[in-house]
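**Student:** Pasting the sequence and the predicted coordinates here, then a few questions.
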Amino acid sequence: MNLWLVILGMTALTFSQRASFLLLPERVQLPEFLKSALRYVPAAVLTAIWAPELLLQKGVLALALENERLLAGMVAIAVAWRFRLTLGTITAGLVALHFFDWLF
Amino acid sequence: MAAGGIPPLQAMAMSVLVYAGASMLAATQLIAEGAPALVVVMAAFVVNLRLFMYSASIRPFFAGQPLGRKLLVSYALVDNPYALFMQRFGTHPDAPGKFDYFYGLSIPTWLCWQAAVGAGLLLGGQLPAAWKLEFAAPLAFIAMTIPFLRGRPMVAAAVSAGVTAVLAHGLPLRLGLALAAVAGIAAGMLAEKHLGAKPG
């Protein structure tokens, strides 16, 4: 695989995504349907990135106490919900991961 | 990125040129798995779909600005400055100082990000695996997600997308991620229609 090609492709697509609407002519109005759909993109895409990391172990759904990533993730969600601190969430999640790993 | 087998020069180039952490993590993972180049690029595109939304929602604030400024804003448009900018100006689009505020957020973010990537490339390989620091990546995404979950439609979107991503993880070419995005958007819009609650 050509790594430079990947970097170039990612650069071009990512910049286009960011510039897309910003560079539209001023008179263009976005349809309500599109605006409404776009609002849900961050919550949907971001959750889709981390949910499998918590719920799957070696590709299999793991809803047991032995899944320390799931438990630690739930601690992190609670901390993020209550305090809205990125560093606090990461720290709490890592500490919880080691705690549950030791416990079970 | 070091763990994914990307040489430091390419990793740093990716960090400066692409400047979007979530897609870089996804790409690193796929490159380590030996995925074809096109799959890596398309997965990064799906991960970065949210940038379309940032671009659309920040657009009114930069209306009538010169092209150069819009291009600079485009390059610098990442999660944290976007969220902080919208918290401050979201309800007061005409408040003064928005450009300085945006640059004041973006420049330190950029410098810290590049310094952190550089430090990670220098030190990452030497940190003990027993620390389980790789779990910091999903935790960082959790921290990014939660502030978006205001209102029941938003929660519906996140839950549907998460469940879909788990169920569809076996699909090739990271199609599960695209499918989860579609499921989440659909669930959010349906919930908005039937629960009648607009997201905050």
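**Tutor:** That came through fine.
**Student:** Downstream of the worst-scoring helix or strand of chain A on mean pLDDT, the next helix or strand is which one?
**Tutor:** The least trusted helix or strand in chain A, going by mean pLDDT, DSSP states H and E, turns out to be helix A:32-39, with a mean of 88. For helix A:32-39, the succeeding helix or strand toward the C-terminus, using DSSP states H and E, is helix A:41-55.
**Student:** Just the buried positions in that following helix, please.
**Tutor:** Residues A:41-55 are the ones in helix A:41-55 that count as buried (16 or more other CB atoms under 10 Å in any protein chain shown). For every residue, glycine as well, the C-beta is placed using N, CA and C.
**Student:** What is the distance between stretch A:69-87 and the centre of its chain?
**Tutor:** A distance of 13 Å separates the C-alpha centroid of stretch A:69-87 from that of its chain, computed with CA atoms, centre = their mean, to the nearest Å.
**Student:** got the contact list for that stretch?
**Tutor:** Around stretch A:69-87, the neighbours that count as contacts under CB atoms under 8 Å, 6 or more residues apart in numbering or on different chains are A:50, A:53-55, A:57, A:62-63, A:65, A:88-90, A:92-94, A:96-97, A:99-100, B:80, B:135, B:138-140, B:142-147.
**Student:** Contacts only, for residue 47.
**Tutor:** All of this refers to chain A. With contacts defined as CB under 8 Å, 6+ apart, residue A:47 is in contact with B:145, B:157, B:158, B:159, B:161, B:162, B:165, B:180, B:184.
**Student:** Please refer instead to chain B.
**Tutor:** For residue B:47, the contacting residues are A:45, A:49, B:20, B:22, B:23, B:26, B:177, by CB under 8 Å, 6+ apart.
**Student:** Could you pull up the residues touching the residue lying closest to it once chain neighbours are set aside?
**Tutor:** Nearest residue to residue B:47, sequence neighbours excluded (CB to CB, 6 or more residues apart in numbering or on different chains): residue B:23, at 4.4 Å. Contacts were defined as CB under 8 Å, 6+ apart; by that measure residue B:23 touches A:10, A:14, B:43, B:44, B:45, B:47, B:48.
**Student:** could you redo the last one with a cut-off of 7 Å?
**Tutor:** When contacts are counted by CB atoms under 7 Å, 6 or more residues apart in numbering or on different chains, residue B:23 is found next to A:10, A:14, B:44, B:47, B:48.
**Student:** Could you check how far it is from residue A:18?
**Tutor:** Per CB to CB, to the nearest Å, residue B:23 is found 12 Å from residue A:18.
**Student:** what is the orientation angle of the helix or strand where residue B:41 lies with helix A:41-55?
**Tutor:** Secondary structure assigned from DSSP H and E places residue B:41 in helix B:37-47. When axes from the mean of the first three to the mean of the last three CA atoms, to 10 degrees is applied, the directions of helix B:37-47 and helix A:41-55 differ by 120 degrees.
**Student:** Show me which residues of helix B:37-47 are buried.
**Tutor:** Residues B:37, B:39, B:40, B:41, B:42, B:43, B:44, B:45, B:46, B:47 are the ones in helix B:37-47 that count as buried (16+ other CB under 10 Å).
**Student:** Please export the C-alpha coordinates of stretch B:99-119 as CSV.
**Tutor:** Coordinates of the C-alpha atoms in stretch B:99-119 are reproduced here as CSV (Å, rounded to 0.1, in the frame of the first residue of the first chain):
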residue,chain,number,x,y,z
PHE,B,99,-12.8,35.8,14.5
ASP,B,100,-10.3,36.5,17.2
TYR,B,101,-12.1,34.0,19.4
PHE,B,102,-11.9,31.3,16.7
TYR,B,103,-8.2,31.9,16.1
GLY,B,104,-7.6,32.1,19.9
LEU,B,105,-9.1,28.6,20.2
SER,B,106,-7.7,27.1,17.0
ILE,B,107,-4.0,28.1,17.3
PRO,B,108,-3.3,26.6,20.8
THR,B,109,-5.4,23.6,19.8
TRP,B,110,-3.3,23.1,16.7
LEU,B,111,0.0,23.6,18.5
CYS,B,112,-0.9,21.2,21.4
TRP,B,113,-2.2,18.6,18.9
GLN,B,114,0.9,18.6,16.8
ALA,B,115,3.2,18.6,19.9
ALA,B,116,1.2,15.7,21.4
VAL,B,117,1.4,13.6,18.2
GLY,B,118,5.2,14.3,18.0
ALA,B,119,5.6,13.3,21.7
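**Student:** That one near chain A anywhere?
**Tutor:** No. Remark: stretch B:99-119 sits outside contact range of chain A, by CB under 7 Å from any CB of the partner chain, the gap being at least 12.0 Å.
**Student:** All set now, cheers.
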